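below: sequence and its predicted model.
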Amino acid sequence: MYAVAKVDTEKCTGCKLCILTCPDPNVFTFYKEVKKVAVNENRCKGCGLCAAACPKEALAVVSV
Amino acid sequence: MNKSLFKISPGFEDIMPAEYRELVEHGPYEKGFGVSDLGTFKELIEEHPLCAGCGLALSLRMILASLPKPEDTIIVGSTGCSSIAFPQVALHNIHSLFGNQNALASGLKRALKLRFPDKIKDVVVIAGDGATADIGLDMVMQSWFRRENITTIMLDNEAYANTGGQESGMSPQGTILNMAPTGKKFPKISLPEIAREAGCAYAAAVSPAHPKRLEKAVRRAILLAREIGPTYIQVFSPCPTNYKFKPHETIARIKQREKDGTFSIKEYISPEAQEWLAQIEEVKK
């Protein structure tokens, strides 16, 4: 079973706290124009540090 | 580093790996990016084999993002968890014998000074707590006594993590690990104070829970190592695998330890270094 983080784009405010807590490189991409983050699911290890850090509860770790 | 090494020869664009192309097009070389720009550029480290929720991987990612001049930085590593991530780092890096990293870095820095007298090449040692504080303490201390112009960064995960969990000199008292079932009998020693007394111009203890603070410490350490003398940074990076906590609790664990008083952010700057930093800040204004 694999687990990855998913972003709820409606709740995301682009505070970038998830980017600063993720131990894996190049998982999160920040889009300046819309102030949202996106997850590269192929690189995510599903540790859940981003979900624990998110103040808006926009991130959740789900099994795939 | 010759920057043209990182260009793709015409006609080979389509057969180069996607990661390499991304690094050439969106890499941080010569752009002066920092920690706050993470997520907008291709990072210097690529998919590494370290565990999910690894504090050391997070610290390493932050350190690589805060290097002031990544294209002119040479990293010297040593055996440990960090060494299995270095093959995925897009910088010149050298794997030394276990504990030998500061001796190697001293020679490397001297050779680079002779070879490139008009250029600044930063030599940064990034090693674990076993290599820095236990096995290589002799070489580390001697490089500080000789006032070599190198930066030493210790990724402190408080155990020998990739050999199954033996206690290290940096494990707190009473720690029970897989291969240390009776618990550690003596307390953890604070190395930043030892570094300050041993002749370091700058010594700091930081953690990835405060990325801005970590970035500032790394930049100061590397800039002071160019001009004044040796510098030392200790980065606290908890290990979820050996300390048996859930991977999403790494940052919470650092904050918990800060509350307990068993870990605190420290910074020591020598008077000479302080003067130099004040000058730099004046020029900036």
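The structure has been received and is ready for your questions. Numbers count the residues shown, from 1 in each chain, chains lettered A, B, ... in the order given.

contacts and neighbour counts: CA atoms only from here.
Noted.

does the helix ranked longest in chain B reach chain A?
The longest helix of chain B (DSSP state H) is helix B:211-227. Yes. Helix B:211-227 lies within reach of chain A by C-alpha under 8 Å from any C-alpha of the partner chain, at residue B:211.

report the buried residues of that helix.
Within helix B:211-227, the residues scored as buried using 16 or more other C-alpha atoms under 10 Å in any protein chain shown are B:211-212, B:214-215, B:217-226.

cool, and stretch B:158-166?
For stretch B:158-166, by 16+ other C-alpha under 10 Å, it's B:158, B:159, B:160, B:161, B:165, B:166.

those into TSV, with extra columns for pLDDT, distance to residue B:127 and secondary structure?
Formatted as TSV, those follow (pLDDT from 0 to 100; distance: C-alpha to C-alpha, whole Å; DSSP: H, G, I helix; E, B strand; the rest coil):
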residue	pLDDT	distance to residue B:127	secondary structure
B:158	93	13	coil
B:159	94	13	coil
B:160	94	12	strand
B:161	92	13	helix
B:165	91	17	coil
B:166	93	17	strand
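
I figured residue B:73 was touching residue B:122, is that so?
Yes. Residue B:73 lies in contact with residue B:122 (C-alpha atoms under 8 Å); the separation is 4.7 Å.

wait, isn't residue B:224 in contact with residue B:275?
No. Taking contacts as C-alpha under 8 Å, residue B:224 lies outside contact range of residue B:275: 11.0 Å.

quick revisit: quick check, distance from the longest helix of chain B to the centre of its chain.
11 Å (C-alpha atoms, centre = their mean, to the nearest Å).

for it, packing partners?
When contacts are defined as 3 or more C-alpha pairs under 8 Å, 6 or more residues apart in numbering or on different chains; DSSP states H and E, helix B:211-227 sits against helix B:55-65, strand B:122-128, strand B:151-156, strand B:202-206, strand B:231-236.

state the mean pLDDT of that helix.
Throughout helix B:211-227, pLDDT has a mean value of 95.

quick one: it to helix B:55-65, angle?
60 degrees (axes from the mean of the first three to the mean of the last three C-alpha atoms, to 10 degrees).
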